[in-house]
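Trainee: based on what follows, work out the 3D shape:
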Amino acid sequence: MAKGHGLAEEFDTVGDELFQLLLSAYCYRAKLGALSDRLRFASRKFLLEEMIALRLISNEIVLEFCKLDDDDDGNWSLRSLRKEAFRHLTDKKQVDRINGLLKDYRINLNQLKTKHRNAYIAHRNVREYPNLANIPTFEQEFQSLICEALGLLRCSSLCEVRL
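Mentor: The predicted model follows:
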């Protein structure tokens, strides 16, 4: 969390990050869902452009997840939101619930980070770049993480302070 900001600003800023993630996820899912219909009528050039767009949007989704997991004190993330919410929470069960949700999110995110971000998005530690047609499936790789991130935001917002 950026120093000197309160829970309301922390919540709003992390909410904005989640909104950007949801916009990217919506576009990705819509493009991916329409791809099979377009295969019959589109030119090869158009299909290449669509596959590149899908790859770039999937990369953006992975990076949004990573931003939400950032632990740097100067950045807004689900982790910084948790720290700020804990300053206001008195219910131990709520604290334990948030910790458990964040732990699960980070474990699940680590698999995605290792597979995509650490391999070829932010770093290059694989010999060959993935095949352009080998893109993440929304339901298998993104959907549950999105739900977990939204659950963390909701759970953190239930603290005893009025936002």
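
Trainee: for the most far-flung residue of the chain relative to its centre, which three-state class applies?
Mentor: Largest separation from the mean C-alpha position in the chain: residue 41, at 32.9 Å (C-alpha atoms, centre = their mean). Here residue 41 takes the coil state, with states given by DSSP: H, G, I helix; E, B strand; the rest coil.

Trainee: can you check residue 66 too?
Mentor: When classified by three-state DSSP, residue 66 comes out as helix.

Trainee: for it, give its distance to residue 60.
Mentor: Distance of residue 66 to residue 60, computed by C-beta to C-beta, to the nearest Å: 11 Å. Every C-beta, even on glycine, is put in place using the N, C-alpha and C of the backbone.

Trainee: so how far is the helix or strand encompassing residue 33 off the chain centroid?
Mentor: Following DSSP states H and E, one finds residue 33 within helix 7-39. The chain centre lies 9 Å from the centre of helix 7-39; the measure is C-alpha atoms, centre = their mean, to the nearest Å.

Trainee: buried ones in that helix?
Mentor: For helix 7-39, the neighbour count (16 or more other C-beta atoms under 10 Å) marks 7, 10-11, 13-15, 17-18, 21, 24-25, 28-29, 32 as buried.

Trainee: which other helices and strands contact that helix?
Mentor: Contact here means 3 or more C-beta pairs under 8 Å, 6 or more residues apart in numbering; DSSP states H and E; on that basis helix 7-39 packs against helix 44-68, helix 78-86, helix 143-157.
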